[in-house]
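Engineer: The following block contains a protein sequence and its predicted model.
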Amino acid sequence: MTPTPQMQGPFAVVEVPEGDVLNVRAEPGAQARIIAALPPTATDLYLTGASQQVEGARWVEIQRASDAKLRGWVKAFYLTPYIPSDVFCASSDLQAVVNALEQAIRNRDGRQLAQWVSPAHGMTVWLWRSGNPIRFDAEHARWMFDSTYIHNWGMHPASGLETRGSFQDTVLPALEDALLSSHEVRCNERTVPGLLDTYVVPVQMQNYNLYKILKPGSPGVELDWRVWLVMVEVLEGKPYLTGLIHFQWEP
């Protein structure tokens, strides 16, 4: 299919977990008839321009480039503008989000951080790669450095013990260790040293681009490396934080 000029796109599917699909419906609304199902990795969707609010949610009509006959409605929350990796990495302007994250961490400035949290999908944080994802919207991000609210971050990959604590007590020290030390920034590199040759991010995050923050291991120690994957969503040309995934050495 060659999209008609009035169509917008391409868009990609996001936020649909592994084992699930994005249902395409004949009409806007969760009760409408399902006419197709999109995999959580689809990247070839175009908006026709039709949209409608149903029960507080925005629904949009889409058409798929690989299937000209498929036209139907999906909830807009599950879409994001699709930017190919080479295009994303070629734009130095988009790395501003990493610099903003570093400054917010350095200053422990929640208001500054909130300005860079995706207004569409918030910012989902994994303290452990196989732990519990915790989503923060911009309003809650303003208080992340001050709040004492206890989150369940899931099991520690080494000890197997459940990790509970506030963002400032559990996540912030790991962010400061990486971002406020000598580190490297690599675009769309998804490898993790000594852990996995290629780390596949959670399927609901796969269609976001990312920057890898790598704090190399210390000479003679090596195992104290740390990695943060900074997931980025670009909306109207501006990059936003939409995910943070943490890695460290696991025995």
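Structural biologist: All right, it came through fine.

Engineer: In the protein, where is pLDDT below threshold?
Structural biologist: 1-5, 194-199 (pLDDT under 70).

Engineer: Tell me where it has helices.
Structural biologist: 85-90, 96-107, 110-114, 138-141, 167-170, 172-179 (DSSP state H).

Engineer: Using CSV, lay out those helices together with distance to residue 228 and mean neighbour count.
Structural biologist: Bear in mind the C-beta positions are built from the backbone N, C-alpha and C, glycine included. Converted to CSV, the helices of the chain look like this (distance: least, Cβ to Cβ, whole Å; neighbours: other Cβ atoms under 10 Å):
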stretch, distance to residue 228, mean neighbour count
helix 85-90, 17, 13
helix 96-107, 9, 17
helix 110-114, 14, 19
helix 138-141, 16, 18
helix 167-170, 14, 18
helix 172-179, 5, 17
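
Engineer: mind checking which of those is nearest residue 17?
Structural biologist: Ranking those by proximity to residue 17 (Cβ to Cβ) places helix 138-141 first, at 21.4 Å.

Engineer: and the closest one, what does it pack onto?
Structural biologist: Applying 3 or more Cβ pairs under 8 Å, 6 or more residues apart in numbering; DSSP states H and E, we find helix 138-141 packed against helix 110-114.

Engineer: Okay, residue 188 and residue 86: tell me how far apart.
Structural biologist: To residue 86, residue 188 is 9 Å away according to Cβ to Cβ, to the nearest Å.

Engineer: Tell me how many other residues surround residue 57.
Structural biologist: 13 (other Cβ atoms under 10 Å).

Engineer: try residue 45
Structural biologist: So residue 45, with other Cβ under 10 Å, has 27 neighbours.

Engineer: wait, isn't it in contact with residue 64?
Structural biologist: Yes: assessed by Cβ atoms under 8 Å, residue 45 is found in contact with residue 64 at 5.7 Å.

Engineer: Can you work out which residues contact both of these two?
Structural biologist: residue 38 (Cβ atoms under 8 Å, 6 or more residues apart in numbering).

Engineer: one step back: is it possible to export the helices of the chain to TSV including distance to residue 227?
Structural biologist: Supplementary listing: the helices of the chain in TSV, determined by distance: least, Cβ to Cβ, whole Å:
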stretch	distance to residue 227
helix 85-90	18
helix 96-107	14
helix 110-114	20
helix 138-141	22
helix 167-170	17
helix 172-179	7
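
Engineer: Of all these, which one comes closest to residue 209?
Structural biologist: helix 85-90 (4.2 Å).
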